[in-house]
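> For reference, the sequence and a predicted model appear below.
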Amino acid sequence: MKKAGFKAWAVASGAALLLVSGAGSANAQTAQTVSCFTKVDGGRTITGNPWVKVKNNCAWGYKVKAVWKYGPDSTCKLLSEGQTRRYESTPPAVYQRTEIC
């Protein structure tokens, strides 16, 4: 019984290590192809600042940032699994995507 539990743990650890090493690679496409981050809502504040809410539907938490066109990107912050975070920028920014940092 202990042997089977260790084997399952070793397989899961190896899979997680492969996933993490792939996410940390220099390949810029990796950050853009992670499809488990979804835009939940977005709009503009009363003062005109654009905002977006992003949810992490991944199996793990990641440090991510919101990438804006025509505005500064957000800082990298941990987005745990299942968590939703609101990002805001300055006009005339337009939300493009969420990237792993």
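That came through fine.

> Tell me if I am right that Ala66 is in a strand.
Yes: Ala66: assigned to a strand according to DSSP: H, G, I helix; E, B strand; the rest coil.

> So it is in contact with Arg86, correct?
No: checked against C-beta atoms under 8 Å, the pair Ala66 and Arg86 is beyond contact range at 9.3 Å. For every residue, glycine as well, the C-beta is placed using N, CA and C.

> So which residues of the chain form strands?
37-44, 50-56, 62-69, 77-79, 84-88, 94-100 (DSSP state E).

> Could I get these in CSV, plus columns for mean pLDDT and mean neighbour count?
Below are the strands of the chain laid out as CSV (pLDDT from 0 to 100; neighbours: other C-beta atoms under 10 Å):
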stretch, mean pLDDT, mean neighbour count
strand 37-44, 94, 13
strand 50-56, 97, 20
strand 62-69, 96, 20
strand 77-79, 95, 15
strand 84-88, 96, 16
strand 94-100, 95, 18
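
> wouldn't Leu78 be in contact with Asn56 here?
No: using C-beta under 8 Å, Leu78 is not in contact with Asn56, being 9.5 Å away.

> can you list residues touching both of the two?
Tyr62 (C-beta atoms under 8 Å, 6 or more residues apart in numbering).

> Show me how this protein divides into domains.
Using automatic domain parsing, the domain parsing of the chain gives 1-28, 34-100.
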